[in-house]
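Visitor: Predicted model and sequence follow; I will ask about them next.
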Number of protein chains: 2
Amino acid sequence: MAEPALIFAAKEYRDRVARLQAGMAARGVAALLLTMPADIFYATGFLTRFWESPARPWFVVVPQIRDPVAVIPSIGAELMGRTWLDDIRIWDAPDPRDDGISLLAEALAEIVPGQGRIGLPMGAETHLRMPLADFESLRARLAPRQFVDATSCLQRVREVKSEAEIAKIREICAIAGRAFDRVPQFASEGRPLAEVFGDFQVAALAEGADWLSYLAGGAGCDGYGDVISPAGAEPLQRGDVLMLDTGAVKDGYFCDFDRNFAIGPASDTARRAHAVLWQATEETLAALRPGLRACDVHALLCAGLERHGATLISGRLGHGLGLSLTEWPSFTPRDETPLRAGMVLTLEPGCVTRAGRIMVHEENIVLRTDGAELLSPRAPAELPEIGR
Amino acid sequence: MAEPALIFAAKEYRDRVARLQAGMAARGVAALLLTMPADIFYATGFLTRFWESPARPWFVVVPQIRDPVAVIPSIGAELMGRTWLDDIRIWDAPDPRDDGISLLAEALAEIVPGQGRIGLPMGAETHLRMPLADFESLRARLAPRQFVDATSCLQRVREVKSEAEIAKIREICAIAGRAFDRVPQFASEGRPLAEVFGDFQVAALAEGADWLSYLAGGAGCDGYGDVISPAGAEPLQRGDVLMLDTGAVKDGYFCDFDRNFAIGPASDTARRAHAVLWQATEETLAALRPGLRACDVHALLCAGLERHGATLISGRLGHGLGLSLTEWPSFTPRDETPLRAGMVLTLEPGCVTRAGRIMVHEENIVLRTDGAELLSPRAPAELPEIGR
């Protein structure tokens, strides 16, 4: 049996690493240390669901002037060997005495001069995927080398997607769109929400998703209480609004959008809320341009919602998307990240429909120099009714 | 629509927290800070797939002498409000200026005296799920309070499962077992491995899994190159050994076991390897007792494999299981964790079949005072042949 190929040709990864290296040079960083799945996938093409196991740390070092070095558990040697990387160093993990730290320290000491700086994502929307005690030990061993925050180094590069990446996200958006089209076939009055979740996952797989990393939703009269719950066993009732929100995956790339459905005839409240969310999205889609800041998009969405009489919800109203279910920037009042052409983003306005109930609406787009291009098939302007 | 209930009655969580608190008292820790999904689910019952989004940190503080405090993004307020916790403090995340750090510092300062110790899992098989820069800032604000490693505090409690937890793991093992029984219906010569992966996920959902957090596998003559790869588009060939390894989830609890199948008649090499793996598992199952150490189980499996003529592979040969796909201990030569009754474990021997090819075999068990009780339906002693 032939080995699965990389998702993209090696040139895609070489270009990415060259862009990372340019940012590193500008910031005086001799090497980047990557520990998070999306960062490692981005630089190397190493794609596995094995990240689900928290047992082992994985390291990729991106030097400023040569190809990346993988320092990884031996269980990943074969798969990493199929990427474009040549320098792969392995140890038998987990090892309670030394879980790759000596090997990693050696690699970093080779690459980074004694007074040099090692970049590590330490800022918003990142974390260090290795035991903290091991990091403290690594830092002590490598002194006087310094670890410095390299969040922006990664984010300014990753946030602008290549056409190859955009094509992947478009593909998974289309797959999820076809799965949403099937919802009226299995969501109906009396059917437990947990079964609807199961059917939706089956539908997305049947339509071509590799897997579903995320599915949440809710159902209730005039809206739902929250948007992150797993499904309960309660049956759908006539008059409910059903919302499903999915992060399906194809070749490692995510979509992230939701759809609302009325079970039976929609209440006036739900119908109006859906129309307002749709309209605020429509107006913001028309206004999106490179150069706006993330907080400006938040303001645009809020202004649209208020103009149409909606009661605002707190929290962010959209975000970046791609190699993770959510990426920066965040459409909040405080995120000043400038939007750039090539960013893939979600618009996700929500509103309060009545005490303890909300509705949300979400689309995925890529920002072009002249505005937004939809990647998700646009939701219908009117709230669809199932079994009216 | 009624709200989904907690997975277990509040007493289950109260008992867990009381056990954590006893360990904290013994170690002089005034509060535990939890940031990882499984730890937070364990203490509170808060179950969501929203962890897939790396954007926001979530915190649960377990004081030594009162109920836990949740310090979480507002998007989770409703869902956390359905758990047994009363003290839930929220902020609008993500917030680039202060992503919950002031709120968390305040909660910890209330609970932990000025010279007190805050326990944090920092050791093997853990990581800190929050931005590192925010942790440094938190540590500085809370000084002279000290952060100390509380890995064993968590692990000694979580590793012994309650009967309620064991029942959940038994249920998801049975679901996955029925999905494996369906494999001969969709895996056949000429079928692309990616489609087999899709069909397996559909089968597991149809059998009652809430979702599949993990599926990996491989196929090849006399074995496969590795065990963590996603599927490629290559068709199965007559003579291949197909392996599927799944971490399916029900009510937040995982199974983790694999099955092997021959496509057409099995080669002598594959048949013999399967028989050896099965036999080494059988012998180890019979020998497992509380009081053995994790490294003793590794030695037992290796001795069995060698006695039957197998070529050993490196790496661990099994591990803990439950709220994550993999938990400690690890069956390696260096893990000296003592086995205790109530531990849920996988036995996962593997062997080299020829250059570049391996086969692996996995079962899930709960350790009782008198030995191992299988949770996964035992694999057949002979390698099953599909479409012989």
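Guide: Great, that's in hand. What you see is a predicted model; the values in this text were computed from it and never measured.
Visitor: State the phi and psi torsions of A:G291.
Guide: phi 100, psi -30 (degrees, to the nearest 10).
Visitor: do A:E163 as well
Guide: Dihedral angles (degrees, to the nearest 10) for A:E163: phi -60, psi -30.
Visitor: same check, this time on A:I88
Guide: According to degrees, to the nearest 10, A:I88 has phi -120, psi 120.
Visitor: swap in A:L317?
Guide: The phi and psi values for A:L317, taken as degrees, to the nearest 10, are phi -120, psi 30.
Visitor: ditto for the one 10 residues further on
Guide: Torsion angles at A:E327 (phi, psi; degrees, to the nearest 10) stand at phi -130, psi 170.
Visitor: That one: neighbour count?
Guide: Per other Cβ atoms under 10 Å in any protein chain shown, the neighbour tally for A:E327 reads 26. (C-beta placed from N, C-alpha, C; glycine too.)
Visitor: Likewise for A:W84?
Guide: Around A:W84 there are 18 residues (other Cβ under 10 Å).
Visitor: so it, which of the three states?
Guide: What DSSP: H, G, I helix; E, B strand; the rest coil gives for A:W84 is coil.
Visitor: got a list of what it touches?
Guide: A:6, A:10, A:13-14, A:44-45 (Cβ atoms under 8 Å, 6 or more residues apart in numbering or on different chains).
Visitor: can you tell me which of those lies nearest to chain B?
Guide: Closest approach to chain B among the contacts of A:W84 (Cβ to the nearest Cβ): A:L6, at 10.9 Å.
Visitor: dump the residue contacts of that closest one.
Guide: A:13, A:45, A:82-84.
Visitor: Low-confidence ranges, chain A, go.
Guide: Within chain A, the ranges that satisfy pLDDT under 70 run A:1-5.
Visitor: all helices of it, in order?
Guide: For chain A, helices defined by DSSP state H occupy the ranges A:10-27, A:37-44, A:77-80, A:101-111, A:132-142, A:151-158, A:163-181, A:183-186, A:193-206, A:268-287, A:294-307.
Visitor: Can you say which of these is nearest to B:Q146?
Guide: Checking the helices of chain A against B:Q146 by Cβ to Cβ gives helix A:132-142 as the closest, at 13.2 Å.
Visitor: Give me the contact list for the closest one.
Guide: Against helix A:132-142 from outside (Cβ under 8 Å, 6+ apart): A:57, A:99, A:101, A:104-105, A:108-109, A:112, A:118, A:128, A:147, B:120, B:122-123, B:126-128, B:132, B:135, B:149.
Visitor: again, only using 6 Å
Guide: Here helix A:132-142 makes contact (Cβ atoms under 6 Å, 6 or more residues apart in numbering or on different chains) with A:101, A:105, A:108, A:147, B:122-123, B:128, B:149.
Visitor: now swap in stretch A:143-154 and tell me
Guide: Against stretch A:143-154 from outside (Cβ under 6 Å, 6+ apart): A:23, A:27, A:29, A:32, A:112, A:116-123, A:126, A:139, B:133.
Visitor: Next, report how far it is displaced from the centre of its chain.
Guide: 23 Å (Cα atoms, centre = their mean, to the nearest Å).
Visitor: Next one: the residue in the stretch 151-300 of chain A positioned nearest to chain B from B:D258, what distance?
Guide: For the stretch 151-300 of chain A, the residue closest to chain B is A:G232, as judged by Cβ to the nearest Cβ, at 3.1 Å. In this view, A:G232 and B:D258 are 31 Å apart by Cβ to Cβ, to the nearest Å.
Visitor: Next: A:C173.
Guide: 32 Å.
Visitor: Show me which of these two is the more surrounded one.
Guide: A:C173 (26 against 22).
Visitor: Quickly check: stretch A:336-346 near chain B or not.
Guide: No: on the criterion Cβ under 6 Å from any Cβ of the partner chain, stretch A:336-346 is out of touch with chain B, staying 8.0 Å away.
Visitor: Ends of that stretch, what's the gap?
Guide: 16 Å (Cα to Cα, to the nearest Å).
Visitor: What residues of that stretch count as buried?
Guide: Across stretch A:336-346, burial judged by 16 or more other Cβ atoms under 10 Å in any protein chain shown covers A:337, A:339, A:342-346.
Visitor: Export the residues you listed as a markdown table, with columns for distance to A:H298.
Guide: Shown next, in a markdown table, are those (distance: Cβ to Cβ, whole Å):
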| residue | distance to A:H298 |
| --- | --- |
| A:T337 | 11 |
| A:L339 | 12 |
| A:G342 | 21 |
| A:M343 | 15 |
| A:V344 | 18 |
| A:L345 | 12 |
| A:T346 | 13 |
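Visitor: Looking at those, which is nearest chain B?
Guide: Once Cβ to the nearest Cβ is applied, the member of those that ends up nearest chain B is A:T337, at 8.8 Å.
Visitor: neighbours of the closest residue to the closest one other than its chain neighbours, just the number please.
Guide: Spatial nearest neighbour of A:T337, chain neighbours left out: A:P329 (3.6 Å); criterion: Cβ to Cβ, 6 or more residues apart in numbering or on different chains. A count of nearby residues for A:P329, using other Cβ under 10 Å, gives 27.
Visitor: Verify the stated contact: A:L323 with A:A38.
Guide: Yes: with contact defined as Cβ atoms under 6 Å, A:L323 reaches A:A38; the gap is 4.0 Å.
Visitor: related to what we said a few turns ago, so which two of the buried residues of stretch A:336-346 are the farthest from each other?
Guide: Farthest pair in the buried residues of stretch A:336-346, by Cβ to Cβ: A:G342 and A:T346, 15.3 Å.
Visitor: How about the contacts made by the residue nearest to A:E373 when sequence neighbours are not counted?
Guide: Nearest residue to A:E373 in three dimensions, chain neighbours excluded: A:V366, at 5.1 Å (Cβ to Cβ, 6+ apart). A:V366 sits next to A:166, A:344, A:373, A:375 when contact means Cβ under 6 Å, 6+ apart.
Visitor: do you know how far the closest residue to A:H127 other than its chain neighbours is from A:R388?
Guide: Distance criterion Cβ to Cβ, 6+ apart; nearest residue to A:H127, sequence neighbours excluded, is B:R129 at 5.1 Å. As judged by Cβ to Cβ, B:R129 and A:R388 stand 44 Å apart.
Visitor: more crowded one of those two?
Guide: Each of B:R129 and A:R388 has its neighbours counted (other Cβ under 10 Å); B:R129 has more, 21 against 10.
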